[in-house]
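Next comes the sequence, and after it the predicted model I'd like to discuss.
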Amino acid sequence: MDVVNKVLPDSETQPDVSHDDGDRERFAHYVQKDKITESAITGNPVIALCGKVWVPNRDPKKFPVCPECKEIYEEMMKG
């Protein structure tokens, strides 16, 4: 599974405005595929399921999946 390219249904998320990414920098996050494409073209930030806001610029395959994103995604798939 390609984490950043996983197609996710539309959902409401709240951006993390704490400016303290901490451990979130060490993970690959779940983001809607169309948002990744848009970000690559425009340079606009994306919002992960966990609320992390950033402009993707690293290979997500080099990082473990964010546990918060994974938990939220699994809950969404149960629904």
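That came in fine, so what should we check first?

Only alpha carbons, please: show the helix ranked longest in the chain as CSV.
Assignment by DSSP state H gives helix 67-78 as the longest helix of the chain. What follows is helix 67-78 as a C-alpha-only set of coordinates in CSV (Å, rounded to 0.1, in the frame of the first residue of the first chain):
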residue,chain,number,x,y,z
PRO,A,67,-0.3,5.5,14.1
GLU,A,68,-3.0,8.2,14.3
CYS,A,69,-3.6,8.2,10.6
LYS,A,70,-3.7,4.4,10.5
GLU,A,71,-6.2,4.2,13.4
ILE,A,72,-8.5,6.9,11.8
TYR,A,73,-8.3,5.1,8.4
GLU,A,74,-9.1,1.7,9.8
GLU,A,75,-12.1,3.2,11.6
MET,A,76,-13.3,4.8,8.4
MET,A,77,-13.1,1.5,6.5
LYS,A,78,-15.2,-0.2,9.2
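
Pull out the buried positions in it.
The neighbour-count check on helix 67-78 (16 or more other C-beta atoms under 10 Å) flags 68, 69, 70, 72, 73 as buried. No exception for glycine: its C-beta is placed from N, CA and C like everyone else's.

What is the burial count for residue 62?
Residue 62 is flanked by 7 other residues according to other C-beta atoms under 10 Å.

follow-up on the earlier one: columns distance to residue 30 on top of the buried residues of helix 67-78, output as JSON lines?
As requested, the buried residues of helix 67-78 are exported to JSON lines (distance: C-beta to C-beta, whole Å):
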{"residue": "68", "distance to residue 30": "9"}
{"residue": "69", "distance to residue 30": "4"}
{"residue": "70", "distance to residue 30": "7"}
{"residue": "72", "distance to residue 30": "7"}
{"residue": "73", "distance to residue 30": "5"}
